[in-house]
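Colleague: build me a structure from this.
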Amino acid sequence: MDKIAIGIDLGGTTIKFAFVNEKGEIVVDWSTRTPTHEGGQHVLPKICSSIKMKMREHGLSTSDFVGVGMGSPGAVNREKGTVTGAYNLNWSETVRVREQIESSLGIPLFFDNDANVAALGEQWMGAAKDEPNVVFLTLGTGVGGGVIVDGQLVHGSKDTAGEIGHIKVEEDGFACTCGRMGCLETVASATGIVNVARQEAKDYIEISPLAQGIMHGQTITAKFVFDNIKLKDPLAEAVLTRVGKYLGTACANIANILNPSTIVIGGGVSKAGDELLRFIVPFFEQTAFPTIAADTAIRIASLENTAGVLGAASLVFKETPLSK
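Modeller: Coordinates of the predicted model:
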């Protein structure tokens, strides 16, 4: 059997796993709920026990694996092998991730920020396959990002490069979880789209059923706003035009600096597909340097739930020489 890697996509609700070969083929995949109770102290033991169980089921041993790759939320220190401030895991303090996983499994661990890992997945097997210069934005509860230049992730001096969600797009704007005001993720994430819709609703109360629902206390989601675009609701059109302006301008500024061949949009909001691109691309083309605007593709992520595990496995193959 060829050597294979274990890919782990660690999230606050679900942990996804896969055994992946060097061709990017998923041999086995599975998932389990993330045990975040009691300060998240059971998360790493659960990861290790789940992998051991799956190895037994398939008659595999540690010698069959090149390594373990993992994408984690929070501030990842790749040198020390730690994660700090992964609050959706209830990891408020620094957790020694590499030490615990390697001592339990006896397999080397390679890990990175979850958005970086998803970027690697899309660059390896997804919407930007085999392209060496890629920017990845993930639009979920917040906005994350990963930057790949000449085939390598850009980490920066403190492993925090790619914090695209904290580009400032409004002078004041909504409060962000980072403590600042007016960050991109406050207006372009799933949460941000709802923020904008609620703020704009009062101006459309006479002509928009969506606005009328909001003003009467109806709970809405980003998906609901996109659904109302199909109904030609004027508030939905105004909200997504504003969101598209922020995203398109941010992508243009990033592209002007990095000159990627492709910008990939992922995360839950990206499920809107071409309807989302319809609002982003015009502002990108208006704002980017003309040569860059003409030569940069903006695409919707194609891997969906497998981007994280594939990207995590690719970390292993990038760092470990293969032996057949």
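Colleague: tell me the buried residues in the helix or strand of the chain with the lowest mean pLDDT?
Modeller: Across the helices and strands of the chain, mean confidence by mean pLDDT, DSSP states H and E is lowest for strand 75-77: a mean of 91. Buried residues in strand 75-77, counted by 16 or more other C-beta atoms under 10 Å: 76-77. (Each C-beta comes from the backbone N, C-alpha and C, glycine too.)
Colleague: downstream of that strand, the next helix or strand is which one?
Modeller: On the C-terminal side of strand 75-77, the closest following helix or strand by DSSP states H and E is strand 82-84.
Colleague: who does that next one pair up with?
Modeller: Strand pairing for strand 82-84, using DSSP bridges, gives strand 75-77 (antiparallel), strand 95-96 (antiparallel).
Colleague: quick one, domains of the protein?
Modeller: For the chain, the structural domains run 4-120+306-319, 131-302, going by automatic domain parsing.
Colleague: strands of this protein, start to end?
Modeller: 4-10, 14-21, 26-33, 65-72, 75-77, 82-84, 95-96, 109-113, 134-139, 143-149, 152-153, 262-266, 297-300 (DSSP state E).
Colleague: now the third one, how far from the chain's geometric center?
Modeller: Counting by C-alpha atoms, centre = their mean, to the nearest Å, strand 26-33 is centred 19 Å from the centre of its parent chain.
Colleague: ok, now which ones touch Gly213?
Modeller: Ile220 (C-beta atoms under 8 Å, 6 or more residues apart in numbering).
Colleague: how about the nearest residue to Thr94, chain neighbours excluded?
Modeller: Thr84 (4.5 Å; C-beta to C-beta, 6 or more residues apart in numbering).
Colleague: again, but for Thr13
Modeller: Thr34 is the one closest to Thr13 (C-beta to C-beta, 6+ apart), at 5.9 Å.
Colleague: ok, now how distant is Asn256 from Ile280?
Modeller: 16 Å (C-beta to C-beta, to the nearest Å).
Colleague: nope, Phe19 is what I meant
Modeller: Here the criterion is C-beta to C-beta. By it, Phe19 lies 36 Å from Ile280.
Colleague: give me the neighbour count for the closest residue to Phe110 other than its chain neighbours.
Modeller: In this structure, Phe110 finds its nearest non-sequential neighbour in Leu315, 4.3 Å apart by C-beta to C-beta, 6+ apart. If you count neighbours by other C-beta atoms under 10 Å, Leu315 ends up with 26.
Colleague: who's in contact with Leu315?
Modeller: Applying C-beta under 8 Å, 6+ apart to Leu315 gives the contacts 69-70, 110-112, 117, 120.
Colleague: the closest residue to Asn256 other than its chain neighbours and Cys176, how far apart?
Modeller: Nearest residue to Asn256, sequence neighbours excluded (C-beta to C-beta, 6+ apart): Phe289, at 5.2 Å. With distances taken as C-beta to C-beta, Phe289 is found 28 Å from Cys176.
Colleague: the residue nearest to Thr94 and Ser72 touch, don't they?
Modeller: No: assessed by C-beta atoms under 8 Å, Thr84 is found out of contact with Ser72, at 10.4 Å.
Colleague: among those two, which residue is more densely surrounded?
Modeller: The neighbour comparison of Thr84 against Ser72 (other C-beta under 10 Å) goes to Ser72, with 25 against 14.
Colleague: can the contacts of Leu315 go into JSON lines with extra columns for distance to Asn133?
Modeller: Shown next, in JSON lines, are the contacts of Leu315 (distance: C-beta to C-beta, whole Å):
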{"residue": "Gly69", "distance to Asn133": "22"}
{"residue": "Met70", "distance to Asn133": "25"}
{"residue": "Phe110", "distance to Asn133": "22"}
{"residue": "Phe111", "distance to Asn133": "23"}
{"residue": "Asp112", "distance to Asn133": "18"}
{"residue": "Val117", "distance to Asn133": "18"}
{"residue": "Leu120", "distance to Asn133": "13"}
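Colleague: now these as a markdown table including neighbour count and distance to Glu99?
Modeller: Listed next are the contacts of Leu315 as a markdown table, based on neighbours: other C-beta atoms under 10 Å; distance: C-beta to C-beta, whole Å:
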| residue | neighbour count | distance to Glu99 |
| --- | --- | --- |
| Gly69 | 32 | 16 |
| Met70 | 30 | 13 |
| Phe110 | 23 | 14 |
| Phe111 | 26 | 12 |
| Asp112 | 23 | 17 |
| Val117 | 32 | 20 |
| Leu120 | 30 | 23 |
